[in-house]
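> Requesting a structural model of the entry that follows:
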Amino acid sequence: MEIEDFNPRRIKPVKREAVLRIEKYAGEGASIAYENEKVIFVRYAIPGELIKANIYKETKDYAMAEPLEVLEPSPERQKPFCPYFGVCGGCDYQMISYEKQLEIKKAMVLEAFRRIGKIELSDLTGIIKSPKPFYYRNTETYKVSPKQKKIGFFRKDTKFIVDIEECKLAQQEINQALKDVKCQAIFPEHNFKVRATDEGDTVVHWIPTEKYDDRSVYEKVSALGKTIEFKISKDSFFQVNNSVIPLWLSKIVSFLDQDGHERIFDLYSGIGLITLFVSFFARETIGVEIARSSVKDAIHNMEKNSIKSNVSFIEASVEEKLPELGYADVMIIDPPRKGVDPACVETLLKMLPQKIIYSSCKPSTMARDIHALSEKYELKELVLVDMFPQTHHVEMLGLLLRK
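Numbers count the residues shown, from 1 in each chain. Below you'll find the predicted structure:
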């Protein structure tokens with residue numbers, strides 16, 4: 001059983017205590033202990049530790065718990081940097097070192113590929129660390145309770161809002177905006193989003209504020225000897241860790257042939273972050289994206305940066321449009337967390353591009369999709385890209401070659 005197989009918020013709340021020995025790490029940032037035969041998923045605990053636990057959700061087969069007291073701490077345990085850690089649900093791993101976090105994430109990825117992808121890997125082919133383990137997020141969405149006058153994040157596995165003054169993962173400009181919103185005369189009536197650029201341009205979306213605009217921003221990304229300025233609208237997706245984006249893009253381009261002869265399709269292309277960079281290293285690049293606002297931003301980004309490479313964008317669902325586009329040497333896939341639609345997998349197996357470059361923020365669905373492609377493709381590289389330090393989340397890059 002894995003914690004991602006169910007929604008802890010839907011489990012009946014309970015309140016009882018137990019002394020538990022933590023056995024091993026599990027998915028979704030939890031660890032596993034056993035009470036007789038029952039599996040207990042424990043937050044914020046390290047294997048080997050003996051803890052006094054608060055069991056707060058329970059079924060007949062499994063339960064959720066958190067430490068009340070660490071009776072026998074692990075030598076790996078360290079003091080969390082954030083005072084809200086263990087209460088706010090944003091982070092999972094602040095009680096261990098950054099190097100240990102990477103080790104856990106690697107193990108979780110290898111296990112997902114073994115269990116779901118039916119692929120036995122002895123190791124990953126690379127790990128891209130985040131240059132910034134804290135204060136790296138360029139956007140935050142805050143939960144709001146107008147009645148209780150709270151602004152913050154949900155406690156793990158609940159809808160209870162933990163009121164915070166600062167997030168240690170957010171860029172400092174975002175934390176300043178949070179302070180300003182909390183101090184203004186009109187308290188927010190609902191959730192809001194804050195975005196900040198590396199140049200300090202900060203906006204607040206969805207609510208009126210006294211100091212901030214609700215508009216698009218421009219973010220410069222420099223990689224591979226190129227600098228592109230991207231327009232990011234309030235509803236468009238953009239990777240959250242600016243310090244990792246250039247490293248991630250460079251790795252993607254390293255999978256391409258260096259003579260620039262390849263025809264490339266970038267599926268789920270968003271605002272063109274991957275599309276525009278790889279276009280400098282390709283014969284032709286086509287981005288396919290269903291979200292209208294993202295396609296508008298992508299075209300705007302191409303024109304604003306005067307990109308003259310052979311690149312274009314199509315507003316359509318990948319599943320419907322891909323069969324009409326003809327052959328591509330390379331398919332770049334960066335799907336949402338649910339993974340690639342089965343119809344798209346079928347089309348890929350018919351089109352048989354020479355390479356598939358797969359970027360994913362959910363190893364389980366990535367492993368599932370790669371397994372579905374395994375009859376015709378071999379996984380040659382699998383790289384962990386740590387876009388989300390202190391959390392269990394991870395970005396993965398895979399290179400598949402046609403057999």
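> Determine the longest helix present in this protein.
Taking DSSP state H as the criterion, the chain has its longest helix at helix 98-115.
> Could you list every helix and strand in contact with whichever helix or strand comes after it?
Elements were assigned by DSSP states H and E; along the chain past helix 98-115, the next helix or strand is strand 126-128. The contact analysis (3 or more C-beta pairs under 8 Å, 6 or more residues apart in numbering; DSSP states H and E) places strand 126-128 against helix 245-254, strand 377-385. For the C-beta atoms, the positions are set from N, CA and C on the backbone; glycine is no exception.
> Pull out the buried positions in strand 126-128.
By neighbour count, and taking 16 or more other C-beta atoms under 10 Å as the criterion, the buried residues in strand 126-128 are Ile128.
> who does it pair up with?
Note on strand 126-128: by DSSP bridges, its sheet partners are strand 377-385 (parallel).
> For the strand it pairs with, which outside residues touch it?
Strand 377-385 is touched from outside by 102, 105-106, 109, 113, 119, 121, 124-128, 244, 247-248, 251, 255, 356, 359, 370, 394-403, with contacts defined as C-beta atoms under 8 Å, 6 or more residues apart in numbering.
> and with 7 Å instead?
105-106, 109, 119, 121, 124-128, 244, 248, 251, 356, 370, 394-403 (C-beta atoms under 7 Å, 6 or more residues apart in numbering).
> Same question for stretch 120-136.
Outside of stretch 120-136, the residues within contact range by C-beta under 7 Å, 6+ apart are 81, 98, 102, 106, 109-110, 113-114, 168-172, 241, 243-244, 247-248, 251, 381-387, 389-390.
> Quick check: end-to-end length of that stretch?
End-to-end distance of stretch 120-136: 33 Å, with C-alpha to C-alpha, to the nearest Å as the criterion.
> what does stretch 272-284 give?
In stretch 272-284, first residue to last residue: 14 Å (C-alpha to C-alpha).
> That stretch - what's its average pLDDT?
Taken as a whole, stretch 272-284 has a mean pLDDT of 97.
> before we move on, back to that, would you mind listing the buried residues in the longest helix of the chain?
Of the residues in helix 98-115, Tyr98, Gln101, Leu102, Ile104, Lys105, Lys106, Met108, Val109, Leu110, Glu111, Ala112, Phe113 count as buried by neighbour count, 16+ other C-beta under 10 Å.
> measure Pro19 to Ile40 for me?
Pro isn't right for residue 19; it's Val. When distance is defined by C-beta to C-beta, to the nearest Å, Val19 is 11 Å away from Ile40.
> Please identify which of those two sits among more neighbours.
When Val19 is set against Ile40 and neighbours are counted by other C-beta atoms under 10 Å, the residue ahead is Ile40, at 22 against 13.
> List the neighbouring strands of the one helix or strand the more buried one maps to plus their orientation.
Mapping Ile40 onto the secondary structure by DSSP H and E places it in strand 38-43. Strand 38-43 pairs in its sheet with strand 30-35 (antiparallel), strand 62-72 (parallel), by DSSP bridges.
> Run through who's touching the last one.
Going back to what we said before, that points to strand 62-72. Around strand 62-72, the neighbours that count as contacts under C-beta under 7 Å, 6+ apart are 1, 8, 11, 17, 20, 38-45, 49-57, 157.
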